[in-house]
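K.L.:
make a model of this:
(chains A and B)
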Protein chains: 2
Amino acid sequence: MNFLGWTARRIAMAAMLAVAPIWQAAAQDLASWNDGATRNAIIDFVTAVTTEGGPDYVAPTDRIATFDNDGTLWSEQPMYVQLAFVLDRIKTMAPDHPEWTDKEPYKSVLAGDLKGVAASGEKGVVELVAATHSGMTSDEFAKIAADWIATAKHPRTDKLYTQMVYQPMLELLDYLRANDFEIYIVSGGGIEFMRPWTDRVYGIPPENVVGSSIKLKFQMKDGVPTLFRQAEIDFIDDGPGKPVGIQSHIGRKPIAAFGNSDGDIQMIQWATSGPGRRFAAIVHHDDAEREVAYDRESSFGKLDKGLDLAPDEGWTLISIKDDWKQVFPQ
Amino acid sequence: MNFLGWTARRIAMAAMLAVAPIWQAAAQDLASWNDGATRNAIIDFVTAVTTEGGPDYVAPTDRIATFDNDGTLWSEQPMYVQLAFVLDRIKTMAPDHPEWTDKEPYKSVLAGDLKGVAASGEKGVVELVAATHSGMTSDEFAKIAADWIATAKHPRTDKLYTQMVYQPMLELLDYLRANDFEIYIVSGGGIEFMRPWTDRVYGIPPENVVGSSIKLKFQMKDGVPTLFRQAEIDFIDDGPGKPVGIQSHIGRKPIAAFGNSDGDIQMIQWATSGPGRRFAAIVHHDDAEREVAYDRESSFGKLDKGLDLAPDEGWTLISIKDDWKQVFPQ
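P.N.:
The predicted model follows:
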């Protein structure tokens, strides 16, 4: 796995000031899904595993569904939201770091030169992540992330990032919850970056968020116990890391998994490999008009191998263009 | 932290064949607790945080309680149960390893010579753990652990290890659950070693178990996805590791924590450091007659610094001798 790719990937987050959680407003009946094979496949699966006495019945405690976040529950274009956070944070922190003015990769960030940032390579991006994600306590970082997501806006739509979530997927979360599924996010994004807002936006509480992490160190600070964020990778929850993250956090195998990129393949293989009925789906971003069309060549959320595997493996492809009546909440 | 100590520590587990979970049989009213200051302190705390409109009210989602396992929920004497598992496994595996006959630390294990095992030092114990805990898939290991705990018996009482749980603590778990607490185990023991039986014995499901771990690696084996257990430490959930494990798995701070040894101090400091009403208790093993009396000098579950800190910090000391009518289930 490419560390740069992951670094960018784990850089993702959102939350909003609205009092009512977005997910409560979502319809329970998959209203934004077009009638058709995809919607039917989802309903068939849920009906099968919830029909008591049926051959595919699964007890509620084992109804576990895992969801990727970037590109599956919310937009990951034109860049991972967490990367936008990193760039914003560098600008916010710059007044306290006059030395950044002449130093790469900071100089390029401050000049808004993304090509210059990319030219700094993996080393440069790691430095930016370390500068923005470590050196503070976990509580301090949660506040920084929550404050940012409360006002940060998507560069193309000028909406809050937390409004760039997929309405049909919110409805799917609701539908699964209504059928006693326990839902987890399993994302390459930073775990502490997502937790401040996932409950409000998706109805998914902190303990149900699995993500990438940096090392935490317990230490007393002026007599107060803190968890200090170290400039060292702890775990990369992407690709082959996703089943590991699932086992570590949940300790049970999901019976359904939803993703959108090659980084979700192993999660899907893991979830679909157990006994009994299983379900996997991949969101295919094929709608240039209402969102962005991308797959095999994309820097963010590349879907190449997964697109080839899906038909043979029986994974459902969700076509945004054909399957979704509406992409984003009104 | 002493790695040997941890290695021994993480070596702990249990389960039983009984159909009815033990915890369901426990009384909801702390019946095995003597009337007195300790029982009252627990009830006062729970009443305070569950009284709507009261100054100490805590919403159900934030009612998180963490429990150490060895010595807090079940016996850790004469040795951590997981260490007994290691020794048993070496004996079981020996026929396939003729080379062990003349090789330490295996030779000492096979001869039942615990002093010889101890003489092999940290390196020897690590080797024993690696030989018994790695080199198989997570599913295979879960089955090995479950099979062992189903029949393995405590050397002194000849009871199943899963019967060597503390009746008053089972009642406490019930009492907290009845008051909408979410309960987690946070143990130095191996996470995959506990999960096969914690639901049955304590009513604590796999996803609510936090423990030490070795590295897992996702790999396809004959076309089937597996998580392969590597001979490498991933995380040590003891001492300063406990708050880190709590943050990683739960992402919220507990409002109550229960332990019995110095390895629980940081968990208790973390849980009691937030705003609002908090509660911490330490089980003090002071009953030589009904269990084992040990604290400052014990190899397993040493309680020294914690005993000094408790009075000043306002942590409740649970005296087995004075506070418990009954130690083990009938």
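K.L.:
next up, the contacts around the closest residue to chain B within the stretch 101-250 of chain A.
P.N.:
Relative to chain B, the nearest point of the stretch 101-250 of chain A is residue A:206 (3.2 Å; CB to the nearest CB). No exception for glycine: its C-beta is placed from N, CA and C like everyone else's. Residue A:206 makes contacts with A:195, A:198-199, B:250-252, as judged by CB atoms under 8 Å, 6 or more residues apart in numbering or on different chains.
K.L.:
any chance of these in CSV, with neighbour count and secondary structure too?
P.N.:
As requested, the contacts of residue A:206 are arranged in CSV below (neighbours: other CB atoms under 10 Å in any protein chain shown; DSSP: H, G, I helix; E, B strand; the rest coil):
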residue, neighbour count, secondary structure
A:195, 26, helix
A:198, 26, helix
A:199, 19, helix
B:250, 20, coil
B:251, 22, coil
B:252, 17, coil
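K.L.:
now the residue of the stretch 101-250 of chain A closest to chain B: closest residue in space that isn't a chain neighbour?
P.N.:
Using CB to CB, 6 or more residues apart in numbering or on different chains and skipping the chain neighbours, the partner closest in space to residue A:206 is residue B:251 (3.2 Å).
K.L.:
quick one: name the residues of chain A near chain B.
P.N.:
A:61, A:138, A:191-192, A:195, A:205-207, A:209, A:213, A:216-220, A:224-225, A:227, A:240-241, A:243-244, A:247-252, A:266, A:269-270, A:273 (CB under 8 Å from any CB of the partner chain).
K.L.:
which among these end up buried?
P.N.:
Among these, those buried by neighbour count (16 or more other CB atoms under 10 Å in any protein chain shown) are A:138, A:191-192, A:195, A:205-207, A:209, A:213, A:216, A:218, A:225, A:227, A:240-241, A:243-244, A:247-252, A:266, A:269-270.
K.L.:
just the C-alphas of stretch A:137-153, formatted as PDB.
P.N.:
Extracted in PDB, the C-alpha atoms of stretch A:137-153 (Å, rounded to 0.1, in the frame of the first residue of the first chain):
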ATOM      1  CA  THR A 137      -3.800  15.900  23.400                       C
ATOM      2  CA  SER A 138      -6.600  13.800  22.000                       C
ATOM      3  CA  ASP A 139      -9.100  16.200  23.500                       C
ATOM      4  CA  GLU A 140      -7.400  19.200  21.900                       C
ATOM      5  CA  PHE A 141      -7.400  17.500  18.500                       C
ATOM      6  CA  ALA A 142     -11.100  16.500  18.800                       C
ATOM      7  CA  LYS A 143     -11.900  20.200  19.400                       C
ATOM      8  CA  ILE A 144      -9.700  21.300  16.400                       C
ATOM      9  CA  ALA A 145     -11.400  18.800  14.100                       C
ATOM     10  CA  ALA A 146     -14.900  19.700  15.400                       C
ATOM     11  CA  ASP A 147     -14.300  23.400  15.000                       C
ATOM     12  CA  TRP A 148     -13.000  23.100  11.500                       C
ATOM     13  CA  ILE A 149     -15.800  20.800  10.300                       C
ATOM     14  CA  ALA A 150     -18.400  23.100  11.700                       C
ATOM     15  CA  THR A 151     -17.600  25.800   9.100                       C
ATOM     16  CA  ALA A 152     -15.400  24.300   6.400                       C
ATOM     17  CA  LYS A 153     -17.000  24.300   3.000                       C
END
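K.L.:
hmm, who's touching that stretch?
P.N.:
Contacts of stretch A:137-153 (CB under 8 Å, 6+ apart): A:13-17, A:81, A:84-85, A:88-89, A:133, A:136, A:159-162, A:192-193, A:195-197, A:216, A:221, A:226-229, B:247.
K.L.:
among the residues you listed, which ones are in strands?
P.N.:
Secondary structure assignment by DSSP state E places A:216, A:221, A:226-229 of these in strands.
K.L.:
and the residues you listed as JSON lines, adding pLDDT?
P.N.:
Converted to JSON lines, the ones in strands among the contacts of stretch A:137-153 look like this (pLDDT from 0 to 100):
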{"residue": "A:216", "pLDDT": "98"}
{"residue": "A:221", "pLDDT": "92"}
{"residue": "A:226", "pLDDT": "98"}
{"residue": "A:227", "pLDDT": "98"}
{"residue": "A:228", "pLDDT": "98"}
{"residue": "A:229", "pLDDT": "98"}
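K.L.:
now distance to residue A:114 too, for those residues, in TSV please.
P.N.:
Formatted as TSV, the ones in strands among the contacts of stretch A:137-153 follow (distance: CB to CB, whole Å):
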residue	distance to residue A:114
A:216	30
A:221	36
A:226	34
A:227	32
A:228	31
A:229	26
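K.L.:
for burial, what's the neighbour tally of residue A:147?
P.N.:
Residues lying near residue A:147 (other CB atoms under 10 Å in any protein chain shown) number 12.
K.L.:
following element in sequence after the helix or strand hosting it, please.
P.N.:
Counting by DSSP states H and E, the element that carries residue A:147 is helix A:138-151. Using DSSP H and E, the next helix or strand after helix A:138-151 towards the C-terminus is helix A:167-178.
K.L.:
on contacts alone, who are the packing partners of the helix or strand following that following helix?
P.N.:
Of the helices and strands lying after helix A:167-178 in sequence (DSSP H and E), the nearest is strand A:182-190. Contact partners of strand A:182-190 among helices and strands, from 3 or more CB pairs under 8 Å, 6 or more residues apart in numbering or on different chains; DSSP states H and E: helix A:3-9, strand A:64-67, helix A:167-178, helix A:191-202, strand A:209-221, helix A:241-249.
K.L.:
tell me the buried residues in strand A:182-190?
P.N.:
Buried positions in strand A:182-190, judged by neighbour count with 16+ other CB under 10 Å: A:182-190.
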